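J.: What follows is a protein structure lacking sequence information:
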């Protein structure tokens with residue numbers, strides 16, 4: 001027994017220098033990135049696009065990252081609990097893509113100063129909380145042009161979530177785009193006070209179709225409005241995602257949101273120690289907003305017009321909020337020759353001429 005131990009000891013000592021000479025590299029743990037979603041992951045829509053962004057991070061960083069997501073989390077107390085759980089579980093960067101997640105994110109961030117938080121669609125920041133959003137209104141303006149070219153009734157519908165500036169920007173830009181090519185056009189708005197409620201979204205769409213609406217847009221999280229348009233033989237603008245699978249005949253154009261590049265850059269920054277708080281507001285120029293995915297009803301001339309104007313928006317030569325702008329009560333808000341500043345756009349609290357509806361809070 002002792003002879004065997006001695007032999008083992010000699011062998012071990014003999015090989016020890018060789019093992020030391022290999023100098024193995026230390027194992028680096030992957031960064032843990034967490035995502036919180038306000039609705040289930042459906043075939044298309046708001047949450048789908050953010051989950052596509054998460055998958056893009058995985059493709060880009062491979063075994064350098066491990067991602068986690070929690071879906072269908074209500075804004076408010078539930079969100080704070082889930083965000084806190086992710087931080088407690090060792091996630092180094094957490095993305096919270098919903099406006100109502102902003103305050104819960106800030107509260108949790110105070111207790112986890114070494115965790116990076118990304119408040120997507122929020123606007124408040126902290127040393128470890130960055131804010132980011134997209135200029136959705138740029139795509140909305142372009143989609144309005146498509147709707148203005150395609151409508152026969154000169155009446156569009158708009159199913160809207162909450163009357164926050166982001167949604168008002170979209171309604172107003174859509175209306176301005178539509179009326180830029182069709183001055184007779186009007187837009188009827190239905191407020192849901194919900195981001196994701198497929199039955200209510202469908203009901204609102206059907207109500208609008210019963211009011212001479214032949215083309216519809218929406219700022220909600222599901223595909224219910226597109227499905228309703230397909231069922232009723234109407235036209236619709238897809239939002240967040242390409243929805244031609246749901247509305248192969250109804251969809252005329254899609255305004256899509258592209259989060260993959262931004263999410264990947266932020267995780268890379270956290271991984272390399274270069275992450276900094278900030279406030280990003282990107283649009284067509286930055287690749288965060290894109291229009292396209294035309295349906296079969298859209299003539300090539302209209303498609304070409306939209307792609308050309310998208311290029312102009314990207315270079316800043318076409319500004320959706322250029323004067324003159326009048327609100328829907330007849331008050332001149334911006335004279336010709338001027339354009340709204342970012343601060344004015346971010347604080348938008350009115351509806352423009354051509355919109356039938358009120359800002360209801």
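T.: Structure's in. What do you need? Quantities reported herein were computed from a predicted structural model and do not represent experimental measurements.
J.: Just the helices from the stretch 251-361 of the chain, written as ranges.
T.: For the stretch 251-361 of the chain, the helices defined by DSSP state H, counting those that start in this stretch occupy 260-272, 300-315, 342-346.
J.: Need these in a markdown table (columns: mean pLDDT, distance to residue 140 and mean neighbour count).
T.: The C-beta positions use only the backbone N, C-alpha and C, and glycine is treated the same way. Formatted as a markdown table, the helices of the stretch 251-361 of the chain follow (pLDDT from 0 to 100; distance: least, CB to CB, whole Å; neighbours: other CB atoms under 10 Å):
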| stretch | mean pLDDT | distance to residue 140 | mean neighbour count |
| --- | --- | --- | --- |
| helix 260-272 | 96 | 20 | 19 |
| helix 300-315 | 98 | 11 | 15 |
| helix 342-346 | 95 | 12 | 13 |
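J.: Ok, which of the ones you listed comes nearest residue 104?
T.: Nearest to residue 104, of all the helices of the stretch 251-361 of the chain, is helix 260-272, at 19.2 Å by CB to CB.
J.: Which other helices and strands does the closest one contact?
T.: Packing contacts for helix 260-272, counted by 3 or more CB pairs under 8 Å, 6 or more residues apart in numbering; DSSP states H and E, involve strand 31-36, helix 46-61, strand 93-97, strand 116-120.
J.: Between strand 31-36 and it, find me the angle.
T.: Relative orientation of helix 260-272 and strand 31-36, computed by axes from the mean of the first three to the mean of the last three CA atoms, to 10 degrees: 140 degrees.
J.: Compute the inter-axis angle for helix 260-272 and helix 46-61.
T.: Per the same axes, to 10 degrees, the angle that helix 260-272 makes with helix 46-61 is 50 degrees.
J.: do you know which of the helices and strands packed on helix 260-272 lies nearest residue 208?
T.: Nearest to residue 208, of the helices and strands packed on helix 260-272 and by CB to CB, is helix 46-61 at 20.4 Å.
J.: Show the contacting residues for the closest residue to residue 120 other than its chain neighbours.
T.: Spatial nearest neighbour of residue 120, excluding adjacent residues (CB to CB, 6 or more residues apart in numbering): residue 97 at 3.7 Å. When contacts are counted by CB atoms under 8 Å, 6 or more residues apart in numbering, residue 97 touches 35-38, 46, 50, 120-121, 259.
J.: try 10 Å this time
T.: Applying CB atoms under 10 Å, 6 or more residues apart in numbering, we find residue 97 in contact with 35-38, 46-47, 49-51, 53-54, 118-122, 132-133, 257, 259, 263.
J.: Give the bridge partners for the residue positioned nearest the centre of the chain, please.
T.: In the chain, the centroid-proximal residue (CA atoms, centre = their mean) is residue 257; its distance is 5.2 Å. For residue 257, the beta-bridge partners under DSSP bridges are residue 289.
J.: Go ahead and confirm it touches residue 47.
T.: No - Residue 257 lies out of contact with residue 47 (CB atoms under 10 Å); the separation is 11.1 Å.
J.: For residue 124, the count of nearby residues, please.
T.: For residue 124, the number of neighbouring residues by other CB atoms under 10 Å comes to 12.
J.: Is it possible to mark the buried ones in the contacts of residue 97?
T.: Taking 16 or more other CB atoms under 10 Å as the criterion, what is buried in these is 35-38, 46-47, 49-51, 53-54, 118-122, 132-133, 257, 259, 263.
J.: Mind splitting the chain into its structural domains?
T.: 31-134+259-282, 136-249+288-356 (automatic domain parsing).
J.: Tell me the spacing between residue 264 and residue 360.
T.: 39 Å (CB to CB, to the nearest Å).
J.: same thing with residue 234?
T.: 25 Å.
J.: Look at those two and report which has more neighbours.
T.: Higher neighbour count among residue 234 and residue 360: residue 234, with 23 against 10, using other CB under 10 Å.
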